[in-house]
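Undergrad: quick one: sequence and predicted model below, then my questions.
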Amino acid sequence: MKVYRGYMRIVARNIGLLCMYIGIAVGIALISQAGMEEQASGGFAALRQPVAVIDREGGFLGKALTGYVEQEQKLVRIKDEEQAIQDELFYRNVSCVIIVPEGAEEAFREGRAALEIIQVPGSAAEYYMDARINSFLNQIRVYCAGGFSMEEACERALALAQSEPSVTLLDVNGNKGERPAYNLFFQCLPYGLMGGLIMCLSTVILEFKKKEIERRVHCSPVPLWVQNLAAIGCFLTVGSAVWAVCMAVQAIQYAGGIFTSPNAVYYILNSLVCMATAMSLAYLAGMMAKHAGTLNGISNVITLGLCFLGGVFVPIEMLNGGTKKVSVFLPTYWYSKINGILGDFAQLNSELLRTVWQGLFIQILFSAACFGVTMAVVRARVRE
């Protein structure tokens with residue numbers, strides 16, 4: 001019991017680091033969620049470019065293009081002078097200038113180039129505007145081919161451009177096409193668990209590795225198995241407390257959080273296995289580090305490396321092929337994959353369940369491998 005209290009006293013001195021990492025993870029989740037909610041509340045809006053239309057003909061085609069640009073883009077009035085046009089494009093007051101020359105309608109009917117379009121070359125706006133203008137002109141061509149006059153074709157094309165389609169997300173997965181907000185919290189959880197537990201628990205191992213303390217412990221009447229049991233008890237106590245706090249935070253923040261989800265059991269299992277991984281890495285880091293400065297570097301490399309390569313900070317879908325080949329061996333990759341499945345699907349079929357259990361099993365194997373390497377390091381230290 002004295003050894004256990006000694007472990008817990010060292011943990012208490014480093015509780016600030018643990019709280020800091022957990023706070024950072026929670027903060028990242030809340031800030032990301034706020035940004036996503038703000039983006040979602042605005043809805044989808046097409047990009048509106050500043051565009052100028054110079055109608056030298058004054059016919060139906062020019063009026064239709066002016067009305068279309070005013071409706072879909074930002075219509076800018078400029079002088080019909082070459083120098084003025086160049087200046088407006090140079091200073092980016094407009095991104096595109098559409099010139100409707102004399103005889104444009106006749107050329108349009110004959111299938112020849114009817115418009116002169118001047119844009120900033122090589123810009124994304126150039127391709128975007130070309131696609132939008134060509135789409136509108138093609139609509140006019142279709143109506144003209146259907147027997148409508150130029151005036152009627154332009155009116156119908158403008159009316160068609162004003163129509164807005166109704167979009168409804170199919171609830172095929174039981175989550176209404178959206179990931180629940182608490183899923184983002186669990187996406188960031190590995191950073192808090194790994195960073196906090198490694199810095200907190202590894203310090204305990206580092207303290208007990210000191211020569212004078214190590215000799216006193218070996219000379220004490222407390223059996224070695226009791227000492228190991230005390231260390232395991234300390235790790236489990238701290239890990240369980242941190243996990244319970246994280247569960248309480250997400251339940252309060254998200255009005256029940258995962259406890260309202262049909263996949264609550266898998267969320268809990270995934271987070272518990274992640275906690276076990278973090279504790280095994282903390283034990284290994286503590287045995288490998290020589291002093292506190294080294295421990296800090298090891299902690300940052302392990303935590304940030306696993307989070308970036310494992311899809312915690314960067315979505316798995318954005319990782320390239322070479323990175324994915326390495327990431328599949330990391331526990332954070334499988335944690336993120338499981339978390340993504342739980343967020344995308346409220347109802348899991350047999351194939352998805354197989355992937356979830358496979359990911360949990362791989363994470364457990366990784367924890368066991370870390371523990372085995374740590375035991376080898378401990379045995380090597382004992383021989384020394």
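TA: Structure's in. What do you need?
Undergrad: for the longest helix anywhere in the chain, buried residues please.
TA: Longest helix in the chain, counting residues (DSSP state H): helix 350-383. The neighbour-count check on helix 350-383 (16 or more other C-beta atoms under 10 Å) flags 352, 356, 359, 360, 362, 363, 366, 367, 370, 371, 374 as buried. C-beta coordinates here come from the backbone N, C-alpha and C atoms, glycine included.
Undergrad: other SSEs contacting it?
TA: Here helix 350-383 touches helix 264-288, helix 331-344, going by 3 or more C-beta pairs under 8 Å, 6 or more residues apart in numbering; DSSP states H and E.
Undergrad: so for that helix, what's the average pLDDT?
TA: Regarding helix 350-383, the rounded mean pLDDT is 86.
Undergrad: show me where the stretch 51-200 of the chain has helices.
TA: 60-72, 82-90, 104-109, 124-145, 150-162, 181-208 (DSSP state H, counting those that start in this stretch).
Undergrad: from the chain's centre, how far out does the second one sit?
TA: In other words, helix 82-90. Relative to the centre of its chain, helix 82-90 is centred 42 Å away, using C-alpha atoms, centre = their mean, to the nearest Å.
Undergrad: again with the shortest one
TA: On the basis of C-alpha atoms, centre = their mean, helix 104-109 sits 50 Å off its chain's mean C-alpha point.
Undergrad: so where is the stretch 1-150 of the chain shaky, pLDDT-wise?
TA: 1, 3, 33-46 (pLDDT under 70).
Undergrad: list the contacts of residue 328.
TA: By C-beta atoms under 8 Å, 6 or more residues apart in numbering, the contact set of residue 328 is residue 334.
Undergrad: could you redo the last one with a cut-off of 10 Å?
TA: 310, 334, 337, 362 (C-beta atoms under 10 Å, 6 or more residues apart in numbering).
Undergrad: could I get the pLDDT score of it?
TA: Looking at residue 328, the pLDDT reads 88.
Undergrad: go through the helices and strands packed on helix 350-383 and name the closest to residue 89.
TA: Across the helices and strands packed on helix 350-383, the minimum distance to residue 89, taken as C-beta to C-beta, is reached by helix 331-344, at 44.5 Å.
Undergrad: coming back round to it: closest one of the buried residues of helix 350-383 to residue 206?
TA: residue 374 (13.5 Å).
Undergrad: quick check: the closest one vs residue 186, distance?
TA: Distance, residue 374 to residue 186, by C-beta to C-beta, to the nearest Å: 27 Å.
Undergrad: try residue 51
TA: 45 Å.
Undergrad: again with residue 101
TA: Residue 101 is 60 Å from residue 186, by C-beta to C-beta.
Undergrad: do residue 73 as well
TA: Distance from residue 73 to residue 186, by C-beta to C-beta: 42 Å.
Undergrad: same question, residue 124
TA: 35 Å.
Undergrad: of the two, which one has the most company?
TA: residue 186 (24 against 11; other C-beta atoms under 10 Å).
Undergrad: could you single out the most deeply buried of the helices and strands packed on helix 350-383?
TA: helix 331-344 (a mean of 24; mean count of other C-beta atoms under 10 Å).
Undergrad: and this protein, what are its domains?
TA: Here the domain assignment for the chain is 2-36+179-383, 50-160, based on automatic domain parsing.
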